[in-house]
Each structure stands twice: as structure tokens, then as C-alpha cells.
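**Q** here is the input, now give the coordinates:
(one chain, ligands or ions: 1)
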Amino acid sequence: MAAHPFLHPFASPTQPESDFVDIVGGSGAIVTDANGNDYIDALGSLWYCQIGHGRVEMRDAIVAQLDRIAGYNVFDPFTNGPAARLAEMIADVAPMPDGRVFLASSGSEAIDTVLKLARLTHQRRGDHDRQIIVRRTGGYHGTNFGGTSAQGIAPNREGWGDLVPHFIEVPSDDVEALATVFAEHGPRIAAFLTEPVQGAGGVLMPPDGYLASARRLCDQHGALLILDEVICGFGRTGNWFGAQTFDVAPDLITFAKGVTSGYLPLSGVVAARSVCDTLESSDEMLRTGYTYSGHPTCAAAAIRNIELIRDEGLCARAEHIGNEFVAGFEAMQSDGVIGSFRGVGAIWAIDVGHDALSLRSRLLDRGVVVRGIGTAIALCPPLVITDEQIASVIDTITDVLASR
Ligand SMILES: Cc1ncc(COP(=O)(O)O)c(C=O)c1O
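**A** Residues are numbered from 1 along each chain as shown. Take a look at the predicted model:
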């Protein structure tokens, strides 16, 4: 029998459609499958659902915009109120004063755009040789050709033929190695690209002082610092952006995911004032952008989502979630159930010391959604998850690990 037409991302092409869990509903931190089973969504779908599922405020905001006009482009000569308002709101909370906001639809589009903007900035400054992007081992930056080339997860780069040139990889936690790359290639480096916390790579925290050192090296060698905030942005680490949590000043950031909590697709780039000054020094057209850049219905969703994050204090709530998790993890650790754990705010990983994929499946059977990455399981729940639900996640993991 021919395979089902639906070809899933990041799944085996031989896996039958009937094997997948068919999610049909959601409310808060709970999702429900087609058989009526409930799960605690301890991954916020795919690291994105800050405000929780099923929010009626979001439906109302989206429907209100649909009733005006669903979509319209923002290429010259057009704009729309929701896109412009959203740019103001993001610029207000971003870690770069007087920055400007470019809008797209996916994290991968944001990454492609940020790589182009970094190179363009140097071109416009007359520094034509600066094309190198330094990436970190373990980094995940989406799957367009730019993001695939920027990946520090080697298997994701393989099998596609030639990628974008001029990327250099550094081991993820080695400041000396980064300094060496800058010493050897400094005048040709356009930017250093990193996530504040490497998410898909396994919730890998930057070593103390690492991001500050990267900032210093970029300054010394005239390169730009790009922070990929696609997972860390919009409250996940306890502040609006990871840059604020780790107290580092980027030149460019990307965002996606939590900006709409996934209710509709939207992403973008924030450029710091120094980059904007360069771009604004010429009236030459910015020849990049997407049909759905500034899509008004997606922008309306993002506006309402950001209001909810702000009004419900969800950045602070992320810290509370972190404290609850840590208390649970410490108990698991002292009982010998887990090895180590790591994270910040509401993004965590616990290392179980063996392949975590089967654990992920057993947790799914027990009604908890996590992600298995190597020997760790990742947790990144909606920021509205209740204390009872956190306790239930901890209890279920403990139980499943104990009954191994
Ligand atoms: C840090 C980071 N950057 C970029 C992306 C790509 O985003 P998208 O899948 O929306 O293209 C992801 C997706 O997980 C991500 O985690």
C-alpha cells in the first residue's frame, strides 16, 4: 500500500500516518488527542506556546482582524496598522534601544534574513570581505539553506549537497577556540551567531561569561553579535529576551515561536541602532522580504499574545516555573533517579544517562509530552502551567525512571 501523502518533518518517511499522535484540542498546558487522551504539554508544542492553548482572547483578536482584512502585503507602498504596532511593541521590549523590527513568518526565515542583514551591514560600511559567520557546535538555526549552513548539529547539515559558504564552527563552550578563530579570520568575520541557550541541541547553557567574551571579541574585531532568540525570546528565560537574562547586548536578534505562542506563524529580526544607522545611510531598497512579512492577522495575534505575556506577568512566571522544576529535580537527583539537570527560567533538560527516546515514548504513554535529545529530556512548558501540573510532570518522570 502506498504511504500516506503527508510527509512529516523530522520523522522517518517510512513511519505510517497512523503511528503519529493526532492532537485535536488544547487548553492551557493540556492537549488532547483524537482518542480523547489528555497530555500535559511539557514542551509547549515545539518550544513555543507561552500563553497556553485554547485562549479565547487570541481567537477574538484573530477573528477581529479577519473581519477587517485577513492579509495584505507590506512591500512599498503598503503598510498596515497591526504590523506597525507590533514592531513598536517588540522594539519596546527588545534589548536594543531604538532598534527596528523586520517581520517574517518562520524562525528559518528570520535566520536567513539576519545572516543577509549582517553581511549587508558590512557591505554598506565598505567592508566587502566580511562574509564569515562563526557558528557554535550544537546550535540549531532552522532548516532553510542559511539556517542549515549555520547549524552546529552536524547530521542536520548532511545530505543536501553544497551549503552556503563562509561558515566556521567553534566548539560550543570554548572561549579560547573562539578567540583563535577571531585572531585568524577577524577581518573577514561578519558575525558570531549563537542562541543564548542552545535549545534543540539539548538545552545547553552558555558557560559563565561566555556571551560577554563573545561580545568583547566581536567588538575587538569589528564583527556583529547575532543572538538567535527563537526559543529564548518572549519570556522563556525569565525576561523578554535571553540577552537580558544573560546581560549581553546583541547587534541583531531573531525571534519567532513565543512571539505568537504559535497561534499563527510569525517571526522576525530586531536590528540595533548601530546596524539601523548603517542601513539608513542609503536610500537603496532593502531587497529582501517575504510575501507574508507583516501579515496583519499574524501581527494581530502577536500583539494580543504579547499583551497577555505582559498583563499576566509570564516572564516572572517563567522564573517561578524554574524554581518549581529545580526543587523537583533536586529531589530526583538525591534519590539517584537522574544524573544532572540544566536550564534557566522555564526551559530545562534532565540527563538520564541513557538514550532518552524510549523515555519520551513512555512518558507520552503516561500523558506527558517532552522531547528526547540524546541522553536528556527537554522541558519547555507553557508559562501558564500550574504548580499541580509541574508536580505531576515531576512525579510521572520519577515514576517512569524508577520502573525502568
Ligand atoms: C533557535 C532556533 N532558531 C531557528 C529555528 C527555526 O525556526 P522554524 O522552525 O520556525 O523555521 C528554531 C526552531 O526550532 C530554533 O529553535
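
**Q** tell me if I am right that residue 32 is in a strand.
**A** Yes: the assignment for residue 32 by DSSP: H, G, I helix; E, B strand; the rest coil puts it in a strand.

**Q** that one reaches residue 23, doesn't it?
**A** Yes: contact criterion C-beta atoms under 8 Å: residue 32 and residue 23 qualify, at 7.2 Å. Yep, even glycine has a C-beta here, placed from its N, CA and C like the rest.

**Q** okay, the residue of the stretch 101-250 of the chain found nearest the ligand: pLDDT?
**A** Closest residue of the stretch 101-250 of the chain to the ligand, C-beta to the nearest ligand atom: residue 107 (2.1 Å). At residue 107, the pLDDT value in this model is 98.

**Q** for residue 80, same thing?
**A** 98.

**Q** with residue 354 instead?
**A** 89.

**Q** then residue 69?
**A** 98.

**Q** surely it and residue 296 touch.
**A** Yes: the criterion here is C-beta under 8 Å, and residue 69 meets it with residue 296 at 6.5 Å.

**Q** mind listing what's buried along stretch 44-62?
**A** 44-45, 47-53, 55, 58, 61-62 (16 or more other C-beta atoms under 10 Å).

**Q** give me the below-cutoff pLDDT ranges for the protein.
**A** In the prediction, the chain carries no residues with pLDDT under 70.

**Q** which parts of it sit against the ligand?
**A** Proximity of the chain to the ligand is confined to 106-108, 111, 140-142, 195, 199-200, 228, 230-231, 256 under the rule C-beta under 6 Å from any ligand atom.

**Q** among those residues, which ones are buried?
**A** For the residues of the chain next to the ligand, buried by 16+ other C-beta under 10 Å: 106-108, 111, 140-142, 195, 199-200, 228, 230-231, 256.

**Q** any idea which of those residues is closest to residue 395?
**A** residue 199 (25.1 Å; C-beta to C-beta).

**Q** distance of that closest one from residue 358?
**A** 22 Å (C-beta to C-beta, to the nearest Å).

**Q** kindly report the same for residue 259.
**A** For residue 259, the distance to residue 358 - C-beta to C-beta - is 34 Å.

**Q** so which of those two has more stuff around it?
**A** residue 259 (31 against 12; other C-beta atoms under 10 Å).

**Q** so what's that one up against?
**A** 90, 233, 234, 266, 267, 268, 302, 305, 306 (C-beta atoms under 8 Å, 6 or more residues apart in numbering).

**Q** for residue 161, see how far away the last one is.
**A** As judged by C-beta to C-beta, residue 306 and residue 161 stand 39 Å apart.

**Q** looking at the two, which one has more neighbours?
**A** residue 306 (24 against 5).

**Q** re the thing from before, from the buried ones among the residues of the chain next to the ligand, which land in helices?
**A** 107, 108, 111 (DSSP state H).

**Q** show me where the stretch 201-350 of the chain has helices.
**A** 210-221, 242-245, 273-280, 296-311, 314-334 (DSSP state H, counting those that start in this stretch).

**Q** residue 378: which of the ones you listed is closest?
**A** helix 314-334 (11.7 Å).

**Q** so which elements touch that closest one?
**A** strand 341-344, strand 347-351, helix 387-402 (3 or more C-beta pairs under 8 Å, 6 or more residues apart in numbering; DSSP states H and E).

**Q** tell me the angle of the longest one relative to helix 314-334?
**A** Using axes from the mean of the first three to the mean of the last three C-alpha atoms, to 10 degrees, one finds that helix 387-402 and helix 314-334 are set 30 degrees apart in direction.
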